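A.B. asks: Dropping the sequence and predicted coords here.
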Amino acid sequence: MALWRAYQRALTAHPWKVQVLTAAYPRRCPDNTHMPFTGSLMGLGDVISQQLVERRGLWEHQTSRTLTMFSLGCGFVGPVVGGWYRVLDRLIPGTTKVDALKKMLLDQGGFAPCFLGCFLPLVGAVNGLSAQDNWAKLQRDYPDALITNYYLWPAVQLANFYLVPLHYRLAVVQCVAVIWNSYLSWKAHQL
């Protein structure tokens with residue numbers, strides 16, 4: 001709890017510096033004023049994927065892969081999702097049940113398919129896949145990734161937009177994002 005309070009104080013005093021250092025976003029945070037930890041969460045998700053899902057062990061851990069996921073969190077996921085939530089809040093202001101439902105539907109019906117359709121081939125390109133191999137991988141992995149997204153995020157987002165007070169939404173999303181980022185890393189790195 002003390003760490004969280006220290007983070008909040010630092011964010012209030014130096015929002016830009018803290019966001020850059022912690023990598024600007026969490027995967028589904030509707031609170032656009034506090035968008036930290038994407039790179040860190042993407043990296044943590046990859047570590048969990050490699051160690052708990054793929055069971056690589058420390059000697060077989062691909063540090064470059066973790067750094068790639070961290071970099072994608074900082075340079076792609078954070079800015080794209082952060083920008084999306086600013087747009088979403090402008091399009092649908094408010095926190096009523098209807099507003100929360102509208103936000104979730106637009107987020108999941110419009111943004112999520114486009115985001116996954118960009119993220120998966122970006123990882124493939126960064127990992128050196130040819131255009132043909134990347135296209136084949138996208139065709140193979142995209143439907144499963146999108147369906148898995150729909151198992152998780154609509155309920156999280158609906159609750160987050162409606163039930164969770166704005167200043168706690170970040171913590172809720174960050175907890176869920178670690179699980180999601182582990183899945184994304186695993187899915188994006190399957191050959």
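C.D. replies: Okay, I see it. From a predicted model like this one, the values you see are computed outputs, not experimental measurements.
A.B. asks: switch to C-alpha atoms for all contacts and neighbour counts from now on
C.D. replies: Noted.
A.B. asks: hey, which helix or strand in this structure has the poorest pLDDT?
C.D. replies: Least confident helix or strand, the chain: helix 15-22 with a mean of 55, by mean pLDDT, DSSP states H and E.
A.B. asks: immediately after that one, which helix or strand?
C.D. replies: Using DSSP states H and E, the next helix or strand after helix 15-22 towards the C-terminus is helix 38-48.
A.B. asks: so how far is that next one off the chain centroid?
C.D. replies: Its chain's C-alpha centre and that of helix 38-48 lie 9 Å apart, by Cα atoms, centre = their mean, to the nearest Å.
A.B. asks: So which elements touch it?
C.D. replies: For helix 38-48, the packing partners by 3 or more Cα pairs under 8 Å, 6 or more residues apart in numbering; DSSP states H and E come out as helix 15-22, helix 63-72, helix 166-188.
A.B. asks: and with 6 Å instead?
C.D. replies: helix 63-72, helix 166-188 (3 or more Cα pairs under 6 Å, 6 or more residues apart in numbering; DSSP states H and E).
A.B. asks: Give the rounded mean pLDDT of the first one.
C.D. replies: It stands for helix 63-72. Helix 63-72 carries an average pLDDT of 90.
A.B. asks: Please identify the buried residues of whichever helix or strand comes after it?
C.D. replies: Scanning forward in sequence from helix 63-72 by DSSP H and E, the next helix or strand is helix 78-91. Within helix 78-91, the residues that qualify as buried are 78-82, 84-85, 88-89, counting by 16 or more other Cα atoms under 10 Å.
A.B. asks: How about stretch 109-126?
C.D. replies: Buried, per 16+ other Cα under 10 Å, within stretch 109-126: 111-113, 116-117, 119-124.
A.B. asks: Would you mind writing the CA trace of stretch 156-165 as CSV?
C.D. replies: The C-alpha coordinates for stretch 156-165 follow below in CSV (Å, rounded to 0.1, in the frame of the first residue of the first chain):
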residue,chain,number,x,y,z
VAL,A,156,-13.9,-6.6,-16.9
GLN,A,157,-14.6,-3.4,-18.9
LEU,A,158,-18.3,-3.3,-18.1
ALA,A,159,-17.6,-3.6,-14.4
ASN,A,160,-14.7,-1.2,-14.6
PHE,A,161,-16.6,1.5,-16.5
TYR,A,162,-19.6,1.2,-14.2
LEU,A,163,-18.8,-0.2,-10.8
VAL,A,164,-15.2,0.8,-10.1
PRO,A,165,-14.5,4.3,-8.9
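A.B. asks: Thank you kindly, that will do.
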